[in-house]
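Undergrad: Prediction below, plus the sequence it came from.
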Amino acid sequence: MVFSMATAFSAHAQFGRSSFTFLDMGNSARIAAMGSEFLSARDADITLALSNPSLITPEIHNHVAFNYVNYYNGTNYGFASYSRTFEKVGSFALHAQFGNYGKIYVTDEYGVEYGTATANDFALVLGWGRELDSHFTIGANFKMIYSHIEDYHAFGMGVDVSATYSNSSRLFAVSLLLRNMGGAIKSYSGDGHTHMPFEVAVALSQRIPHTPLRLFVELPNLQKWDLNYEDPYAEADLISGEVEQRSGAADFFDNLARHIVVGLEIIPYRGFYLRASYNYMRSRDMMTPAKPGMVGFSWGVGFRISKFNFSYSRSRYHKLGSPNYVTLTIDLDAFNKRKKTRATEAFRKADGDYGLDAR
């Protein structure tokens, strides 16, 4: 269980003390397959709205989603979502997010066990999005968070804001996100001075015209340039014992790569998706030099059957294994055969004929 929590929070631990870091754990199977924390793609996918509220649009009206992650050693987390659009005020999405960290053994300093305890996180998120015109959308998430470990409790509030531009064909989209602005009202220690894991990020997606390919790029943690840390596996000089320092150019390109996550989505047939990605920072932070394996790589599949969309993915955080991500989304309006939804048009542009109809 301790390894599970350390793995989940490792990517943000180096940025300083922060609370409620479970908010940064990727939930959606599609997002996880892209190796990212949020995506920019306006194609009626409600599962993207939790991390990118500017994608709360009329295309996801009356959609529901269920996301579950089977993480390491009894740890699991996920969320459920529902969206509805009101003509005069915009589109809304309600998300219920949870994290469960399994069984904790309570011991004294000598290792004597006194029983077990539990640890859980919960967040209720209300999102709002609005179309400014046919290209620009904006959105915000308001979060109320509760966390407990054994008999300790914490409460917090936070806000995300984002904006998205998409061209008329929906083949290209770019989003700017400011996430987790807020902090604890009451922390585990009793004060309220801890902050949430604030982040500034940009995401882009580009569908290659007349092909079944879509490229994704995320630029995370733009609020901080230096994402490196002291490498415990760095080679030391045999005589002096000093760790060999990298050149300035090597350090620059290492930090640059840590700010880039790349992914590819392939749609070989209508309603069927293949996904893969590479996260350099995750690879560098989590792999062991002796057995790097596929750490940093993620992959997934998705398919649509009637009114239901299923997605599954795995992300390689460590050589010991990969978490399983499962997502189900449903367009409730699709059960009404007489109602043509805006999601139908979004799906058609997203994968109907490889963009050949886009103008």
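TA: Noted; the coordinates are in hand.
Undergrad: OK, contacts around residue 301?
TA: For residue 301, the contacting residues are 272-275, 311-313, by Cβ atoms under 8 Å, 6 or more residues apart in numbering. C-beta here means a position set from N, CA and C on the backbone, and glycine is covered the same way.
Undergrad: do residue 138 as well
TA: 54, 129-130, 132, 161-164.
Undergrad: For these, work out which two are farthest apart.
TA: Across those, the longest distance by Cβ to Cβ is 13.9 Å; it joins 132 and 161.
Undergrad: higher neighbour count, the two?
TA: Comparing residue 132 with residue 161 by other Cβ atoms under 10 Å, the one with more neighbours is residue 161, at 15 against 11.
Undergrad: Looking at stretch 37-53 now, give me its mean pLDDT.
TA: The average pLDDT within stretch 37-53 is 93.
Undergrad: Flag every buried residue along that stretch.
TA: 37-53 (16 or more other Cβ atoms under 10 Å).
Undergrad: who touches the residue nearest to the spatial centre of the chain in this structure?
TA: Centroid-nearest residue in the chain, with Cα atoms, centre = their mean: residue 37, separated by 2.7 Å. Taking Cβ under 8 Å, 6+ apart, we find residue 37 in contact with 24, 26, 31, 51, 199, 201, 218, 220.
Undergrad: who does the helix or strand harbouring residue 327 touch, helix- and strand-wise?
TA: In this assignment (DSSP states H and E), residue 327 forms part of strand 324-331. Contacts defined by 3 or more Cβ pairs under 8 Å, 6 or more residues apart in numbering; DSSP states H and E place strand 324-331 against helix 29-33, strand 63-70, strand 308-315.
Undergrad: again, only this time at 10 Å
TA: helix 29-33, strand 63-70, strand 76-86, strand 297-305, strand 308-315, helix 342-347 (3 or more Cβ pairs under 10 Å, 6 or more residues apart in numbering; DSSP states H and E).
Undergrad: Point out the most buried one among those.
TA: Highest mean neighbour count among those (mean count of other Cβ atoms under 10 Å): helix 29-33, with a mean of 30.
Undergrad: Give me the mean pLDDT for that one.
TA: Rounded mean pLDDT across helix 29-33 is 94.
Undergrad: The helices and strands packed on strand 324-331: which one's closest to residue 157?
TA: strand 76-86 (17.6 Å).
Undergrad: and the closest residue to residue 297 other than its chain neighbours, what does it touch?
TA: Once flanking residues are discounted, residue 297 sits nearest to residue 316: 5.1 Å by Cβ to Cβ, 6 or more residues apart in numbering. The contact partners of residue 316, by Cβ atoms under 10 Å, 6 or more residues apart in numbering, come to 35, 278-279, 282-283, 286-287, 293-299, 322-323.
Undergrad: got the contact list for residue 187?
TA: 19-20, 147, 152-156, 193-194.
Undergrad: Quick check on residue 51: phi, psi?
TA: Dihedral pair for residue 51: phi -100, psi -20, per degrees, to the nearest 10.
Undergrad: Does it touch residue 179 like I think?
TA: Yes: under the criterion of Cβ atoms under 10 Å, residue 51 makes contact with residue 179 at 7.4 Å.
Undergrad: Give the residues shared as contacts by these two.
TA: Joint contacts of residue 51 and residue 179 (Cβ under 10 Å, 6+ apart) are 23-24, 37-38, 141, 160, 162, 201.
Undergrad: Make JSON lines out of these and add secondary structure and distance to residue 262.
TA: Shown next, in JSON lines, are these (DSSP: H, G, I helix; E, B strand; the rest coil; distance: Cβ to Cβ, whole Å):
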{"residue": "23", "secondary structure": "helix", "distance to residue 262": "24"}
{"residue": "24", "secondary structure": "helix", "distance to residue 262": "19"}
{"residue": "37", "secondary structure": "coil", "distance to residue 262": "14"}
{"residue": "38", "secondary structure": "coil", "distance to residue 262": "15"}
{"residue": "141", "secondary structure": "strand", "distance to residue 262": "26"}
{"residue": "160", "secondary structure": "strand", "distance to residue 262": "23"}
{"residue": "162", "secondary structure": "strand", "distance to residue 262": "20"}
{"residue": "201", "secondary structure": "strand", "distance to residue 262": "14"}
